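Participant: can't give you the sequence, but here's the structure:
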């Protein structure tokens with residue numbers, strides 16, 4: 001065989017005469033992207049991604065069809081080539097209507113794979129669901145109970161009737177784990193690096209356990225007598241039993257994290273001390289100082305900050321509140337405060353909120369349950385003065401309000417009604433309008449003008465080398481616990497890179513997102529949301545027992561099976577996405593009318609989604625050239641061209657043999673094996689790569705087993721695809737080899 005010498009990207013290589021540039025590059029380990037090429041079919045050149053630049057040739061060449069010649073000099077990554085590929089990718093993605101990742105996962109600040117673990121719960125794979133959750137959240141039983149679940153607000157099931165009960169499914173799986181032999185991920189071999197973390201709340205604990213899993217030695221310092229931060233001292237027992245939190249923290253400690261309590265930063269340990277014996281320091285002290293209302297009389301005895309009040313109760317030394325209590329604020333801390341006041345025996349508990357109930361940021365269920373417990377709401381009122389008698393709070397004057405124009409948050413701004421006030425007799429006032437960092441001991445690092453620690457938004461670095469900061473104490477201030485966990489997870493990657501002397505890439509990878517306005521769920525059956533039972537209001541308001549009884553197994557599976565499975569099942573192996581992420585693309589600049597309607601057409605084995613199709617033609621060509629069936633073809637012309645069975649028949653009414661060749665070649669999620677996510681009976685499915693010999697050629701197959709029984713064999717290489725055997729015949733070969 002004649003061998004030709006060519007140069008690719010400055011490297012001299014050889015390849016057989018007659019080879020295309022793409023073949024020559026692949027034979028020499030040089031990557032050239034393509035989405036429409038496969039050796040099993042004739043060259044098509046549809047995607048335009050395999051272009052390269054050849055010295056002396058004025059135009060770009062399609063490497064899948066252009067043949068090599070002796071002495072040819074080729075550049076596969078020139079500026080001109082990259083520009084061409086970028087435009088090609090933008091055009092392809094502008095017509096690709098699909099979700100790489102489900103909206104619920106995108107809405108989760110910790111990027112938890114909600115769809116993944118919900119699907120596993122639907123299948124009865126509870127242990128696997130828990131392991132998936134713990135990849136991004138080490139405190140799922142606790143967070144599942146208290147999270148305001150932004151994932152559910154993004155859930156598309158709400159377009160049918162109600163969102164999936166994602167939060168309760170999370171703590172269902174986590175509670176099962178805590179009741180048995182709890183899952184403890186393995187830690188990597190010791191790196192010899194040490195990291196100190198200041199603050200034992202959700203941010204600090206998350207950073208600690210994930211750094212430990214990477215093999216680093218970690219010590220967490222916290223000023224309180226127990227770890228947990230606001231999860232322990234800011235969330236009442238009836239919402240988050242501290243026994244649950246203790247169990248999850250126990251697993252973190254068991255992984256090898258060293259926990260040091262009653263140690264105040266700035267007094268017992270300093271930043272200089274920590275830096276001297278550690279390779280990196282993470283500041284995650286939380287926000288422990290209640291925000292003032294700047295109302296006349298707020299320094300009177302009997303006026304308490306929301307966090308201070310809740311902490312006093314949790315520590316077993318509740319402050320005196322009397323019989324008549326007003327809680328100022330509309331968030332979840334205000335809900336915790338008013339419901340705690342009820343449980344302490346207050347006869348009249350009011351919530352003072354300057355907007356209407358519709359504008360309240362608190363969870364609807366919290367408002368509903370507090371009303372059931374007797375809490376009285378005074379909407380469109382705002383404190384203007386707190387009054388004193390005999391050295392204590394005696395009452396409050398409220399300004400009556402009305403709603404004006406929307407403010408920066410989108411909520412309508414409250415406006416005072418001139419001359420209209422109301423007096424409310426009280427014994428105590430709880431101000432639950434926010435919390436912030438007490439900066440007293442943190443002047444060792446640069447602070448923002450808000451009094452928070454200034455940290456890079458992407459890398460979490462401070463102005464001091466080797467010192468990072470995360471959570472409620474940084475930048476914009478306090479947020480929800482899952483946001484702190486998400487920050488910690490990302491910070492760990494930055495710290496790990498720092499410890500290894502590497503550069504941390506904080507760039508967010510490209511993904512495809514669907515326009516919600518184009519999502520049609522009109523064909524979905526109405527199925528009511530399953531919610532956990534709760535204690536009766538008359539019972540629960542007299543104690544601190546946990547209100548929610550949690551989901552039972554059958555309830556959890558039934559609820560999980562409502563999932564619409566919005567995210568693409570091909571996400572982890574999608575060639576289209578892999579190529580798209582190589583380039584800084586902006587498909588929106590070519591946005592227009594989508595050429596294909598989002599439809600599903602399937603037979604017993606194959607699911608076809610035309611909206612995700614990029615018209616690469618691999619399915620059409622393989623069905624015709626390899627299988628000689630032509631069950632599908634190109635229908636229409638121009639921009640409205642689509643892949644369709646003849647006469648637009650359903651796939652199950654064609655000559656399709658279910659060989660799966662089109663599925664294995666499809667570079668997107670347009671063709672997939674039919675989903676088996678929602679099984680009625682939990683089954684164990686496993687996959688393995690196995691090899692069989694056909695006509696002297698080794699064929700690689702992806703073999704699927706249910707409950708250890710071989711049930712499917714899918715070709716995974718060219719030999720298997722071109723061996724001339726059907727999938728059933730390949731399956732029989734595998735069974736014999738077993």
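Facilitator: Good, I have the coordinates. Predicted model, so just to flag it, every value in this text is computed and none were measured. Residues are numbered from 1 along each chain as shown.
Participant: Only C-alpha atoms from now on, for both contacts and neighbour counts.
Facilitator: Fine.
Participant: where's residue 84 relative to residue 575, distance?
Facilitator: According to C-alpha to C-alpha, to the nearest Å, residue 84 and residue 575 sit 18 Å apart.
Participant: Please disregard the earlier target; I meant residue 291.
Facilitator: Counting by C-alpha to C-alpha, the gap from residue 291 to residue 575 is 50 Å.
Participant: now residue 398
Facilitator: The spacing between residue 398 and residue 575, counted by C-alpha to C-alpha, is 62 Å.
Participant: Tell me which stretches of the stretch 451-600 of the chain form strands.
Facilitator: Ranges of strands within the stretch 451-600 of the chain are 467-469, 600-602, based on DSSP state E, counting those that start in this stretch.
Participant: Low-confidence stretches in the protein?
Facilitator: In the predicted model of the chain, residues 1, 594-602, 675-687, 704-715, 721-722, 726-728, 738 satisfy pLDDT under 70.
Participant: Mind naming the longest helix for it?
Facilitator: Ranked by residue count, the top helix of the chain under DSSP state H comes out as helix 481-499.
Participant: Show me what that helix is packed up against.
Facilitator: Helices and strands touching helix 481-499, by 3 or more C-alpha pairs under 8 Å, 6 or more residues apart in numbering; DSSP states H and E, are helix 202-213.
Participant: I'd like the next helix or strand past the helix it packs on.
Facilitator: strand 217-221 (DSSP states H and E).
Participant: what pairs with that following strand, and is each one parallel or antiparallel?
Facilitator: Paired with strand 217-221 in the same sheet, following DSSP bridges, are strand 194-198 (parallel), strand 258-260 (parallel).
Participant: Please identify which of those is closest to residue 694.
Facilitator: For residue 694, the closest of the strands paired with strand 217-221 is strand 194-198, at 54.6 Å, according to C-alpha to C-alpha.
Participant: Could you figure out how far the closest one is turned away from helix 202-213?
Facilitator: 170 degrees (axes from the mean of the first three to the mean of the last three C-alpha atoms, to 10 degrees).
Participant: what's the angle from strand 194-198 to helix 481-499?
Facilitator: Here strand 194-198 runs at an angle of 150 degrees relative to helix 481-499 (the same axes, to 10 degrees).
Participant: next one: strand 194-198 to chain centre, how far?
Facilitator: Relative to its parent chain, strand 194-198 has a centroid offset of 26 Å by C-alpha atoms, centre = their mean, to the nearest Å.
Participant: And the contacts of it?
Facilitator: Here strand 194-198 makes contact (C-alpha atoms under 8 Å, 6 or more residues apart in numbering) with 204, 208, 216-222, 265, 274, 277-285.
Participant: same check, this time on stretch 614-626
Facilitator: Here stretch 614-626 makes contact (C-alpha under 8 Å, 6+ apart) with 35-38, 40-42, 44, 46-47, 92-93, 95-96, 629-634, 642-643, 661-663, 665-666, 668, 722.
Participant: cool, and stretch 691-698?
Facilitator: The contact list for stretch 691-698, computed with C-alpha under 8 Å, 6+ apart, reads 699, 700, 701, 719, 720, 723, 733, 734, 737.
Participant: For it, buried residues please.
Facilitator: By neighbour count with 16 or more other C-alpha atoms under 10 Å, stretch 691-698 contains the buried residues residue 691.
Participant: Endpoints of it, how far apart?
Facilitator: End-to-end distance of stretch 691-698 (C-alpha to C-alpha): 6 Å.
Participant: Next: stretch 90-108.
Facilitator: Using C-alpha to C-alpha, one end of stretch 90-108 lies 27 Å from the other.
Participant: Next: stretch 532-549.
Facilitator: 6 Å.
Participant: List the buried residues of that stretch.
Facilitator: Quick answer for stretch 532-549 (16+ other C-alpha under 10 Å): 540, 541, 543, 544, 545, 546, 547, 548.
Participant: for it, the distance to its chain's centre please.
Facilitator: Per C-alpha atoms, centre = their mean, the centroid offset for stretch 532-549 relative to its chain is 31 Å.
Participant: Which residues does it contact?
Facilitator: Under the contact criterion C-alpha under 8 Å, 6+ apart, stretch 532-549 has outside partners 168, 236-241, 339, 342-345, 369, 372-373, 550-551.
Participant: Weed out the non-buried ones from the residues you listed.
Facilitator: 168, 236-241, 339, 342-345, 369, 373, 550-551.
Participant: Next step: the contacts of stretch 691-698 restricted to helices.
Facilitator: Per DSSP H, helices hold the following members of the contacts of stretch 691-698: 719, 720, 733, 734, 737.
Participant: If we only consider the residues you listed, which is nearest to residue 52?
Facilitator: Using C-alpha to C-alpha, the ones in helices among the contacts of stretch 691-698 come closest to residue 52 at residue 719, 28.2 Å.
Participant: just how off-centre is stretch 314-323 within its chain?
Facilitator: Distance, stretch centre to chain centre, for stretch 314-323: 38 Å (C-alpha atoms, centre = their mean).
Participant: measure that stretch end to end?
Facilitator: 20 Å.
Participant: same thing with stretch 565-581?
Facilitator: End to end - C-alpha to C-alpha - stretch 565-581 spans 23 Å.
Participant: Next, the buried residues of it.
Facilitator: Applying 16+ other C-alpha under 10 Å to stretch 565-581 flags 565-571, 574-580 as buried.
Participant: Just the residues you listed: which are in helices?
Facilitator: 575, 576, 577, 578, 579, 580.
Participant: need those in CSV with distance to residue 304, can you?
Facilitator: Formatted as CSV, these follow (distance: C-alpha to C-alpha, whole Å):
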residue, distance to residue 304
575, 58
576, 57
577, 53
578, 54
579, 57
580, 54
